[in-house]
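Colleague: Need coordinates for the below:
(chains A, B and C)
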Amino acid sequence: MLTLPPLSMQRAPSGRHAWCCRVNKLADINLSEMDNSDIEVEEDESEWKTCFVDSAAVCPATSPAAASGPVIKIPGSAHRVILHFDLDCFYAQVEMIRNPALRDVPLGIQQKYIIVTCNYVARERGVTKLMSVTDAKEKCPELVLVKGEDLTHYREMSYKVTELLLSYCPLVERLGFDENFVDVTEMVEQRLAEISETDSFSFKGNVFNHSSADANASHHPGLAIGSHIAAEMRDAIRSKIGLTGCAGVATNKLLAKLVSGTFKPNQQTVLLQENVGDIMGCLSGLRKVPGVGHQTAKRLQALGLVSVKDLQLYPLGDLARELGATTAQRLRNLALGIDESAVTPTGAPQSLSDEDSFKKMCSVKEVMAKIRELLGSLVERMHKDGRQPQTFRLTIRRFSATNKWFSRESRQAPIPGAVGQKIVSGNIEDAVSQLVPLAVKLFHKMVDSNAAFHLTLINVCFSNLQSRGPAASGKGAITSFFTQSASPRKSQISSTQNQNNSAQNAGSRLLDHQISECSRNVPPKGQMTCNSEQSEENYEASCSTEGINSDKTKPPPHVDPEVFRLLPEEIQKELLSPYYLNSLQSHMSKHEPLGNDSSMKADRSRMNHQQPAGIRVINEENVMEQEKLSLPRSSDCNFPGNVDPEVFSELPPDVQKELMSEWKQQNPVLKTPSSRKTGKGSISKSKDRKAEGRSSQSNNLLKYFKPG
DNA sequence: CTGGGGTCTT
DNA sequence: AAGACCC
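Modeller: The predicted model follows:
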């Protein structure tokens, strides 16, 4: 079934600024062997030249006729504006926020024997990602190490970033903890419609392979506006959360991701269609293409393909014979910079797992102890999530001299309902006690404990996560908003993504609505002159969410939720005050002593701006004029509650001020009652499973978006 | 002496 | 259940 965007997507009758970009894109690539599939794509991509702004009216009539193959394509899908955000040395940044004294020292985040990431001070001294501790200490003896095996803080900060992005736009897809894709096509169209003809376009940040002289933004209005949106979002991430990162602006996920890494750190870059060939050609090898992993690269190398150009020029038929038609086409498209994949809202996670690796474990006793330990933290996380896991999986890695770094084995089993309910209700101890024997049973399906064994990793995982039924007590408008049943999933074909879809987007749509109310006074264009203090005031006056959220306040971790709910709102608020939480925190924990440096100066942004080799670019302006650009958009983004007051005092005054202003609002958090759709009697085929899962989980997602 | 997570497909 | 991919 093909679901088209509703015609009610009211678009101002502005034909004037339609995106009449010149589309030379693939012409830049010197392809001697263009075949039919390329032509099809070509037609599709060029279509948007001619039918843009009034696409809602044009699409239904034209798209079936235009389709040359079995796949129906909507012209609107060709002119997407996709952003990719990539936080700078994410774990290191989180640790530097937790302890600002780390900002000025070379810092490495250590997991076992590996430096998984490091700050830029350390990079200046030759430390790199995924370097062994030994090598790193050799390169940089003063390197300060922080253990990073516990991902809790990183996970929390990661979801704050995703939530902030969701407050602008519902189409946010996570990739790992530190990257997000955002499809801002609709936002761009909205702003385009509001633009007056006297306005001129400009790019924010870098433009790949262009200098300021020749990057003409008026030829690329969509990307130009996208670059301003990206700048606003990056600035929000910095001012509200305290993290810096890069962004890429392009017409698909592949290109957005590739271009976001061309200026690092803390910069952003636009890729124009005319430079697609350039950026693909710049890649040093096929492995650099996202989607081409180790195995695929090896198979391609066996065919004599090592560069992106090799793959572009390799006959598609030959490739299909080796890898299958689908994979062949996909890989070739990737090599050409073509990627039609949609930005799929990630929603709440599909699984939660906890693992530990070690040199040697050979006794059942040790195994049981480790399983119990892992289960303890996993069950607690699962409880906080609120959903009930239906499946448990145990994974091990055995030591073996040959092939030791790969190959894990796993066994899984259903979780008895009673155990699942204990997790949900918070009976952690009992749940763990009942899960341990289950895990041991699975363990013995893999390992004969009579014989000798040698494990190097154990992983425990909950999956098939199901939401509870609606909360017993009526909670008002928001709850009913969330408890709508899932609507039929839109067809995959529609990659112009319909945001007015259903409960699936309920949470972010609510936020989105608040935001558009907020931003009505904000000039749609990037060159705004609004002063941030005034913006904050406007925001507080017009966009408070207190009334909506006030009965969903979540108690601090040390307070019984039942008791907390009974307290007067004033008291609740006081308990939630960051100062209260902080004072508690400072009594309960202290910072790790810092190896050598005691200069507590919190000097942010001494990042050096490096240029990518062999790429001609310009730094059009200093991208972030931070103080001026901040837009009052996010409705409920709170700085982490577990900030030490001392740490806070080290922050730069401007950041402190912004944080204070955030905290003052201290938006109580949506506690999400969840909806459980009726099974609908389907043995969900994996395509549907994804859709169903996402829609039922959208409300749970909010759980990850609350202040610690 | 290559983490501790995740995703989706086969 | 394994294997591919991503960070």
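
Colleague: Does stretch A:317-337 reach DNA strand C?
Modeller: No - Stretch A:317-337 stays out of contact with DNA strand C when judged by C-beta under 7 Å from any atom of the strand, the minimum separation being 9.4 Å. Backbone N, C-alpha and C define where each C-beta goes, glycine included.

Colleague: buried set for that stretch?
Modeller: Of the residues in stretch A:317-337, those with enough neighbours to count as buried (16 or more other C-beta atoms under 10 Å) are A:319-320, A:323, A:328-337.

Colleague: Among those residues, name the ones in helices.
Modeller: Judged by DSSP state H, helices contain the following of the buried residues of stretch A:317-337: A:Leu319, A:Ala320, A:Leu323, A:Ala328, A:Gln329, A:Arg330, A:Leu331, A:Arg332, A:Asn333, A:Leu334, A:Ala335, A:Leu336.

Colleague: Same list (those) but as CSV, adding pLDDT and distance to A:Lys445.
Modeller: Supplementary listing: those in CSV, determined by pLDDT from 0 to 100; distance: C-beta to C-beta, whole Å:
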residue, pLDDT, distance to A:Lys445
A:Leu319, 96, 40
A:Ala320, 96, 40
A:Leu323, 95, 34
A:Ala328, 97, 38
A:Gln329, 96, 40
A:Arg330, 97, 36
A:Leu331, 97, 37
A:Arg332, 97, 42
A:Asn333, 97, 42
A:Leu334, 98, 39
A:Ala335, 98, 43
A:Leu336, 98, 46
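
Colleague: Looking at those residues, spot the one nearest A:Val364.
Modeller: Nearest to A:Val364 among those, counting by C-beta to C-beta, is A:Leu323 at 43.6 Å.

Colleague: Tell me where the model's unsure across chain A.
Modeller: Per-residue confidence for chain A (pLDDT under 70) gives these ranges: A:1-78, A:403-405, A:470-708.

Colleague: can I see the domain layout of it?
Modeller: A:154-282, A:351-466 (the TED database).

Colleague: will you turn those into TSV that also has distance to DNA strand C and mean neighbour count?
Modeller: Formatted as TSV, the entries for the domains of chain A read as follows, by distance: least, C-beta to the nearest atom of the strand, whole Å; neighbours: other C-beta atoms under 10 Å:
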stretch	distance to DNA strand C	mean neighbour count
domain A:154-282	3	22
domain A:351-466	4	16
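
Colleague: which one of the ones you listed lies closest to A:Asp86?
Modeller: Taking C-beta to C-beta as the criterion, domain A:154-282 is the member of those that comes nearest to A:Asp86, at 4.9 Å.

Colleague: can you tell me if that closest one touches DNA strand B.
Modeller: Yes - using C-beta under 7 Å from any atom of the strand, we find that domain A:154-282 touches DNA strand B at A:Arg155, A:Gly176, A:Phe177.

Colleague: mind checking the end-to-end distance for that domain?
Modeller: 32 Å (C-alpha to C-alpha, to the nearest Å).

Colleague: now do stretch A:226-244
Modeller: Its first and final residues considered, stretch A:226-244 spans 18 Å by C-alpha to C-alpha.

Colleague: now stretch A:451-459
Modeller: The first and final residues of stretch A:451-459 sit 21 Å from each other (C-alpha to C-alpha).

Colleague: try stretch A:244-258
Modeller: Across its full length, stretch A:244-258 reaches 18 Å end to end, with C-alpha to C-alpha as the criterion.

Colleague: Which single residue of chain A ends up nearest DNA strand B?
Modeller: For chain A, the residue closest to DNA strand B is A:Tyr113, as judged by C-beta to the nearest atom of the strand, at 2.4 Å.

Colleague: where does chain A come near DNA strand B, residue by residue?
Modeller: If contacts are counted using C-beta under 7 Å from any atom of the strand, the residues of chain A sitting beside DNA strand B are A:111-114, A:116, A:130, A:132-134, A:149, A:151, A:155, A:176-177, A:326, A:344, A:346, A:349-357, A:405, A:457, A:461, A:686-687, A:690.

Colleague: okay, now the closest residue to the residue of chain A closest to DNA strand B other than its chain neighbours: neighbour count?
Modeller: Once flanking residues are discounted, A:Tyr113 sits nearest to A:Val133: 5.3 Å by C-beta to C-beta, 6 or more residues apart in numbering. Using other C-beta atoms under 10 Å, A:Val133 is surrounded by 16 other residues.

Colleague: A:Val133 and A:Ile109 touch, don't they?
Modeller: No - under the contact definition of C-beta atoms under 8 Å, A:Val133 does not touch A:Ile109, with a separation of 10.9 Å.

Colleague: Find residues that contact each of the two.
Modeller: Shared between the contact lists of A:Val133 and A:Ile109 (criterion: C-beta atoms under 8 Å, 6 or more residues apart in numbering) are residues A:Ile115, A:Leu145.

Colleague: Show me what A:Leu145 is bridged to.
Modeller: Per DSSP bridges, residues listed as beta-bridge partners of A:Leu145: A:Gly108.

Colleague: no, scratch that, I was asking about A:Val182
Modeller: In this structure, A:Val182 has the following beta-bridge partners (DSSP bridges): A:Leu83, A:Val172.

Colleague: Next one: it from A:Arg191, what distance?
Modeller: With distances taken as C-beta to C-beta, to the nearest Å, A:Val182 is found 15 Å from A:Arg191.

Colleague: Please apply the same query to A:Leu303.
Modeller: Taken as C-beta to C-beta, the spacing of A:Leu303 relative to A:Arg191 amounts to 45 Å.

Colleague: now swap in A:Pro315 and tell me
Modeller: Applying C-beta to C-beta, one obtains 43 Å for the distance of A:Pro315 from A:Arg191.
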